[in-house]
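*Asks:* I'll drop the sequence and a predicted model, then ask my questions.
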Number of protein chains: 2
Amino acid sequence: MGRLFTSRHIFKVDKKGRVSVPASFRAVIQGESGGPYIYLRESQGEPAIEGLTPTYLEELAASIEHLDHNTDERDNAEFDVFTSIHEVRFDDDGRMILPAALRDFAGITDTAEFAGMGRRFMIWNPDALKRHTDERRKAGKRVTLKALPRRGEPA
Amino acid sequence: MGRLFTSRHIFKVDKKGRVSVPASFRAVIQGESGGPYIYLRESQGEPAIEGLTPTYLEELAASIEHLDHNTDERDNAEFDVFTSIHEVRFDDDGRMILPAALRDFAGITDTAEFAGMGRRFMIWNPDALKRHTDERRKAGKRVTLKALPRRGEPA
DNA sequence: CGGGATATCATGGGACTTCATGGGTTTCAA
DNA sequence: TTGAAACCCATGAAGTCCCATGATATCCCG
């Protein structure tokens, strides 16, 4: 299985607050970190939940380590990154419980849509995600990526 | 076997949604990345499905990795690229199932035509591909390619 | 060089497994 | 002790695996 979170998946949130984590996402998480753990937090820019693997969070932590101690920059970074994180575990059926605070933040009630973003993913209220997608499309936002030099060629 | 996707191949889509991946395409995919995985997404310009190899996707991912974290540019790139991608696997008989959303997008029902595009390929409704080809021909579109220095020659 | 044996390929269908989802029961800490 | 979280089981739908067939292409040997 791939190592990246891809595609969009809509799932039910049951009355206990459980959601199935997409099987392909589970495979990525298990593959890269071994355990059934996910880190969740409020997305900075969007009304959505951001999902991180343990490995990805460690990388964030590592890049904070490069900031000098006793600076506002470092304090802010640590505060922003770590205080908002919820550690969540999915069970043998592949389901996790969405923390109520995050569900409220994202406006999720009885359905949730997972959106793969490569090494991260987001969890949205499906209507909000549709609105977001439509707006992006209407604004004509489109990313152009630089071609990379192929192996063996000069940059 | 070659390393590039070439030619056009028409195949049946059965009632389970399965299609055979052209054997020559399978050889390219297996040869370059080892696993039986294909990444599919809506083509940006045409009503067709675009097919990428794991390696090709990794190159896209790598060029995104070079963008700074927590920037709009990066978030947008991740969103555009990864949310639209479906990871698909072909079985020992060489068949994959086309995600319903992509089949609808491309207007594919019971037959699909694979069109090799070098390092990528497209999957079309055969009639739509014919129309597209005719239009291109009528418009007299033609590509001019820059000559590259041959191996061993000065640039 | 020809023609028969052999391998590969696309395609169909049935059996089996995985997945998402609902509901019940146990566990445990506040 | 009571409510939330963890665990367990059941079910239908979808996906995967396995085997069979006919067609085409490839191989091989006389």
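*Replies:* Arrived safely, thanks for sending. Numbering: from 1, shown residues only, chains lettered A, B, ... in the order given.

*Asks:* so, low pLDDT: which residues of chain A?
*Replies:* Scanning chain A for pLDDT under 70 picks out A:140-155.

*Asks:* quick one: the helices in it, in order.
*Replies:* Here chain A has its helices, by DSSP state H, at A:23-33, A:54-65, A:72-82, A:100-106, A:126-138.

*Asks:* what residues of stretch A:108-127 count as buried?
*Replies:* Within stretch A:108-127, the residues scored as buried using 16 or more other Cβ atoms under 10 Å in any protein chain shown are A:108, A:112-125. Using the backbone N, CA and C atoms, a C-beta is placed for each residue, glycine as well.

*Asks:* same check, this time on stretch A:71-80
*Replies:* Result for stretch A:71-80 [16+ other Cβ under 10 Å]: buried residues A:Ala77.

*Asks:* and for that stretch, what's in contact with it?
*Replies:* The contact list for stretch A:71-80 (Cβ atoms under 8 Å, 6 or more residues apart in numbering or on different chains) reads A:Gln44, A:Ile64, A:Leu67, A:Asp68.

*Asks:* ok, and which of these reach chain B?
*Replies:* A:Gln44 (Cβ under 8 Å from any Cβ of the partner chain).

*Asks:* now rank the contacts of stretch A:71-80 by neighbours and give me the top one.
*Replies:* A:Ile64 (15 neighbours; other Cβ atoms under 10 Å in any protein chain shown).

*Asks:* distance of that one from chain B?
*Replies:* From A:Ile64 across to chain B, the span is 11 Å (Cβ to the nearest Cβ, to the nearest Å).

*Asks:* so that residue makes contact with A:Val81?
*Replies:* Yes: the criterion here is Cβ atoms under 8 Å, and A:Ile64 meets it with A:Val81 at 6.7 Å.

*Asks:* coming back round to it: export the contacts of stretch A:71-80 to a markdown table and append columns for distance to DNA strand D.
*Replies:* A markdown table is the format used below for these (distance: Cβ to the nearest atom of the strand, whole Å):
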| residue | distance to DNA strand D |
| --- | --- |
| A:Gln44 | 24 |
| A:Ile64 | 27 |
| A:Leu67 | 33 |
| A:Asp68 | 37 |
